[in-house]
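*Asks:* What shape does this take:
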Amino acid sequence: MNKAELIGAVAEKTGLTKVQAKAAVEAIVESTAEALQQGDKVSLVGFGSFNVVKRAARKGRNPQTKKEMEIPAKNVVKFRPSAELSDSL
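*Replies:* Here you go, the predicted model:
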């Protein structure tokens, strides 16, 4: 499911227009991104939680040249599904 399909599904399930559903979905995405940028954890009960973790620097290889290189440390977003979501799959 892509973003357009998600907007369509939200519009259908809520009775909103597609324009209103698009605004709602974009507001959720923006709010989640802003919270993660500030270092907060975002928990959606029954769905899962998003949080930012620091990935340590590590050594890797360039597949074309086979040379070893240093991959710098960076922050990444992790998603942990809730037990309800995991059980429903």
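*Asks:* can you give me the helices in this structure?
*Replies:* Per DSSP state H, the chain has helices spanning 3-14, 18-37, 83-88. These are given in chain order.
*Asks:* domains in this protein, as residue ranges please.
*Replies:* Using automatic domain parsing, the domain ranges for the chain come out as 1-40, 50-89.
*Asks:* Just name the most buried of the ones you listed.
*Replies:* Sort the domains of the chain by mean neighbour count, taking mean count of other C-beta atoms under 10 Å, and domain 1-40 sits at the top with a mean of 13. Yep, even glycine has a C-beta here, placed from its N, CA and C like the rest.
*Asks:* Quick one: distance of that domain to the chain centre.
*Replies:* Put simply, domain 1-40 sits 12 Å off its chain's centre (C-alpha atoms, centre = their mean, to the nearest Å).
*Asks:* got the end-to-end distance for that domain?
*Replies:* Domain 1-40 has an end-to-end distance of 27 Å (C-alpha to C-alpha, to the nearest Å).
*Asks:* Can you pull the phi/psi pair for the residue nearest to E84 when sequence neighbours are not counted?
*Replies:* Taking C-beta to C-beta, 6 or more residues apart in numbering, and ignoring the residues beside it in sequence, E84 has G46 as its nearest neighbour in space, at 4.9 Å. As for G46, its main-chain torsions (degrees, to the nearest 10) stand at phi 90, psi -10.
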